[in-house]
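>>> Give the three-dimensional model of this entry:
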Amino acid sequence: MRDRLIFAGLFMLGVGILGASWFNVMQANAQTEVPADHSGPVMVIDVAGEATGAIRIALRDDLAPGHVERIVTLAERGDYDGVVFHRVIEGFMAQTGDVANGTVDGNPRLWGTGGSDMPDLQAEFSAQSFERGVVGMARSQSPDSANSQFFIMFAPAPHLDGQYTVVGQMIDGYDVLDDIKRGTGGNGAVVGTPDRMDRVTIER
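As a prediction, the model looks like this:
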């Protein structure tokens, strides 16, 4: 709907609107740059399902060392392998990482309700904005309740800034991200067979 309104405005108002419209499109697709001196680990997610291919994420241990350490530990243990993208909202984000209850052969009613066998983490909020491709840690009402689940942004969501811990930034695989099966159930729950993280590895 938004795209149709933009194009209608261009035709009606002429070339004078073009510059402003282009600016808005660029803002909507804005992606945070990974710092040039990034030397932290890179998480590689091999996605399977309707979407296939690899997503590579620079883990920001400069922003959230405790959360990055948790993700690396779970990935290297193989705990993320086979975990589904259980909540996927068009124009917002794709959530995964429930290592306790979120495997593809698990109970769909429990997807997204679990964490890991390790304790919850204390928040590591930063000034990093939630732009397209930014990875944040999911949590419940308490700021200090993140554990294993994380989400990847389809688009900017400034209302999340300072409320969730940023743990990474995508550096490759946006076509795969955009193909992840969307949720059609309540609160973005994926109905039927969701896409999954077939294998998750860490590059150092």
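>>> quick one: the helices in the protein?
2-13, 18-28, 65-77, 174-179 (DSSP state H).
>>> For the shortest one, C-alpha coordinates in PDB please.
So that's helix 174-179. Taking Å, rounded to 0.1, in the frame of the first residue of the first chain, the C-alpha atoms of helix 174-179 are listed here in PDB:
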ATOM      1  CA  TYR A 174      20.000 -10.100   2.300                       C
ATOM      2  CA  ASP A 175      18.300 -12.000  -0.500                       C
ATOM      3  CA  VAL A 176      18.000 -15.000   1.800                       C
ATOM      4  CA  LEU A 177      16.700 -12.900   4.700                       C
ATOM      5  CA  ASP A 178      14.000 -11.400   2.500                       C
ATOM      6  CA  ASP A 179      12.900 -14.800   1.300                       C
END
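>>> Quick one: mean pLDDT for that helix?
In this model, helix 174-179 carries a mean pLDDT of 98.
>>> Show me what it packs onto, helices and strands only.
strand 53-59 (3 or more C-beta pairs under 8 Å, 6 or more residues apart in numbering; DSSP states H and E). Any C-beta I mention is one placed from the backbone N, CA and C, and that applies to glycine too.
>>> And the strand it packs on, what's buried?
55, 57-59 (16 or more other C-beta atoms under 10 Å).
>>> List the residues that contact the residue nearest to the spatial centre of the chain.
Residue closest to the average C-alpha location in the chain (C-alpha atoms, centre = their mean): residue 152, at 0.8 Å. Contact partners of residue 152, counting by C-beta atoms under 8 Å, 6 or more residues apart in numbering, are 55, 57, 93-94, 133-135, 170, 177.
>>> That one pairs with what?
residue 94, residue 135 (DSSP bridges).
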